[in-house]
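Trainee: Following is a predicted model, sequence given first.
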Amino acid sequence: MGTAKVKTDGTWSVSKSMTAGPQTVAVTATDAAGNLSLATVRSFVVDATPPTVKFTTSDGTTFLPTQAFTVAGQAGDATGIDRVVVQFVDATTGAVAATVVATCTGCGASATSVTWSASPEVDPGRYRVTATAFDVPGNATSATIGVTRL
């Protein structure tokens, strides 16, 4: 794969393009006398594919004062969904009214498909709501709808 020289602070690095999927890397060290260490092996998954996210709450939904103000949706990814963050932006002023980590049913490394919901404490008004799903490796994707709270 490559050779690296250790810096005076003890760090080193090697850059290599890798294809998506499972990868294994073995690292050895050679001292000044030419003695080779045992290999340290690490396995990992290269994932550059963002998760999917969608709302099950319809775009343009109006919530009455007697209704719970909850938006919901679904997210999925082959490597698992870590979390869904939902931001509520006042459609009139552009100010962020709330940012919440959604309640996520089944989030984690084995969660390839999850449902989520968010119920922020916000004043009545029109909101642009953006849900951003993060997969376990850290890739993200977003979806946005508009809702009104009376």
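Mentor: Great, that's in hand. Numbers count the residues shown, from 1 in each chain.
Trainee: what residue is smack in the middle of this structure?
Mentor: Taking CA atoms, centre = their mean, the centroid of the chain lies closest to F134, which sits 1.3 Å from it.
Trainee: I'd assumed V84 was in contact with it.
Mentor: Yes - counting by CB atoms under 8 Å, F134 does reach V84; the two are 7.4 Å apart. C-beta: built from backbone N, CA, C; applies to glycine.
Trainee: on that earlier part again, give me the beta-bridge partners of the residue nearest to the centre of the chain?
Mentor: Beta-bridge partners of F134, counted by DSSP bridges, are R83, A140.
Trainee: Ok, F55 next?
Mentor: With DSSP bridges as the rule, F55 is bridged to G73.
Trainee: Tell me where the model's unsure across this protein.
Mentor: For the chain, the stretches with pLDDT under 70 are 1.
Trainee: domains for it, by residue range?
Mentor: Domains of the chain are assigned by automatic domain parsing as 1-46, 52-149.
Trainee: With respect to burial, which of those domains scores highest?
Mentor: Among the domains of the chain, ranked by average contacts under mean count of other CB atoms under 10 Å, first place goes to domain 52-149 (a mean of 16).
Trainee: measure it end to end?
Mentor: 26 Å (CA to CA, to the nearest Å).
Trainee: Repeat that for stretch 29-48.
Mentor: Across stretch 29-48, the terminal residues are separated by 30 Å (CA to CA).
Trainee: just how off-centre is that stretch within its chain?
Mentor: Its chain's C-alpha centre and that of stretch 29-48 lie 29 Å apart, by CA atoms, centre = their mean, to the nearest Å.
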